[in-house]
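Engineer: Using only what follows, build the 3D model:
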Amino acid sequence: MTLSFSPDPVLVEVLRGDMVECVHRGAAVVCDADGKVVHAIGDIERAIYPRSAIKALQALPLLESGAADRYGFGNAELALACSSHGGEPRHVETAAGMLAKAGLTDATLECGAHWPSGTAATHALARSGSKPTALHNNCSGKHSGFVCFACSEGIDPRGYVGIDHKVQRFVAEAVGEVTGHRLDADTAVGTDGCSIPTFAIPLKNLAHGFAKLATGEGVGPERAKAFARLRTACAAEPFMVAGSGRFCTDVMTMLGARAFVKTGAEGVFCAALPEQGLGIALKCLDGASRASEVMMAALITKLLPMEAAEAAKFDRFLHPVMKNWNGITVGSLRPTFS
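Structural biologist: Model (predicted):
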């Protein structure tokens, strides 16, 4: 399967001085809980790999099974289950604590190990003479949720990343139900960076699913409660969703419960706006996070009312500046739509 890049418009321009130096194309869609398209740019029917942008949907079995309550998980643990964290000490400690409550260690995790994505955390770990473990993996919160769900349900967690494992079957079923896109043998599937399956889902379906996350409408009462708990957890603990200096954390710290935003690899972004009852899904076609962040900021600005002072503060996400190694501002990014 090959993506068609030509139909999608330029959504972000990169300026150096006063000249546009390069551009980023993409597609974006906003839906309500009934699936009505409120706003669309580009090819919204194209199936994409949502990657880590849908971790809140993948966390549903953890809550709906009762596992989160059995292990006494609070806001920090639930937010971490939805996260792509920076491997900072609190992230690592919380993931380890989740596993410990189920009588497990990081040896159970099958996401692989990598150095923290945060520079300060990487330097601190290196200075300590330690090496990264699976707990430092940006997906360790999600994976800790997976194995805790498995143990709570009496499922052997070994091999839980496999597409045919019971854990991934429960996850795929939940994601398929919420997005209205059946994940089966006819669905394009790849392997995510953390080794679990990633299924191709149209942008429109992703936006519809996040509108359900925003409102609790179009799903059963237990799933609506699970969505509300996840939104509350991430609003209360935005640091756990990403980390220091990260877009998701900074935006949710500023906007609180008014917006849940989650990035995914290769330029994917999803969001839920509870007050507006809307879901957002977008993809920057060249996979650039710097551009997908600006696209998301532009859509939030369009859809979410802000007071003048708040809008001025939010502008740094809408028009991020670029600086060279001497700290001199050399350019900026800007959306082409409003």
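Engineer: drop to CA atoms for contacts and neighbour counts, all remaining ones
Structural biologist: Will do.
Engineer: Show me where the stretch 1-150 of the chain dips below the pLDDT cut-off.
Structural biologist: 1-6 (pLDDT under 70).
Engineer: could you pull out the helices for it?
Structural biologist: In the stretch 1-150 of the chain, the helices defined using DSSP state H, counting those that start in this stretch lie at 55-58, 60-64, 67-70, 75-81, 89-101, 119-127, 140-152.
Engineer: between those, which gets nearest to residue 244?
Structural biologist: helix 119-127 (9.5 Å; Cα to Cα).
Engineer: Send over the closest one as PDB, restricted to the C-alpha atoms.
Structural biologist: Extracted in PDB, the C-alpha atoms of helix 119-127 (Å, rounded to 0.1, in the frame of the first residue of the first chain):
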ATOM      1  CA  THR A 119      18.300  15.200  27.000                       C
ATOM      2  CA  ALA A 120      18.600  16.000  30.700                       C
ATOM      3  CA  ALA A 121      17.300  12.500  31.600                       C
ATOM      4  CA  THR A 122      19.800  10.900  29.200                       C
ATOM      5  CA  HIS A 123      22.700  12.900  30.600                       C
ATOM      6  CA  ALA A 124      21.700  12.100  34.200                       C
ATOM      7  CA  LEU A 125      21.400   8.400  33.400                       C
ATOM      8  CA  ALA A 126      24.700   8.300  31.700                       C
ATOM      9  CA  ARG A 127      26.400  10.200  34.600                       C
END
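Engineer: What helix or strand is residue 223 located in?
Structural biologist: helix 221-236 (DSSP states H and E).
Engineer: Packing partners of that helix?
Structural biologist: On a contact count with 3 or more Cα pairs under 8 Å, 6 or more residues apart in numbering; DSSP states H and E, helix 221-236 meets helix 60-64, helix 75-81, helix 203-215, helix 247-255, strand 260-264.
Engineer: now the helices of the stretch 1-150 of the chain in CSV, with mean neighbour count and distance to residue 258?
Structural biologist: Below are the helices of the stretch 1-150 of the chain laid out as CSV (neighbours: other Cα atoms under 10 Å; distance: least, Cα to Cα, whole Å):
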stretch, mean neighbour count, distance to residue 258
helix 55-58, 24, 16
helix 60-64, 23, 21
helix 67-70, 17, 24
helix 75-81, 27, 16
helix 89-101, 19, 24
helix 119-127, 15, 29
helix 140-152, 26, 23
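Engineer: Select, out of those helices, the one closest to residue 307.
Structural biologist: Closest among the helices of the stretch 1-150 of the chain, once you apply Cα to Cα, is helix 75-81, at 27.7 Å.
Engineer: So which other helices or strands are in contact with the closest one?
Structural biologist: Looks like helix 75-81 contacts helix 89-101, helix 140-152, helix 221-236, helix 238-241 (3+ Cα pairs under 8 Å, 6+ apart).
Engineer: correct me, but residue 105 touches residue 99?
Structural biologist: Yes - between residue 105 and residue 99 there is a contact at 5.7 Å, judged by Cα atoms under 8 Å.
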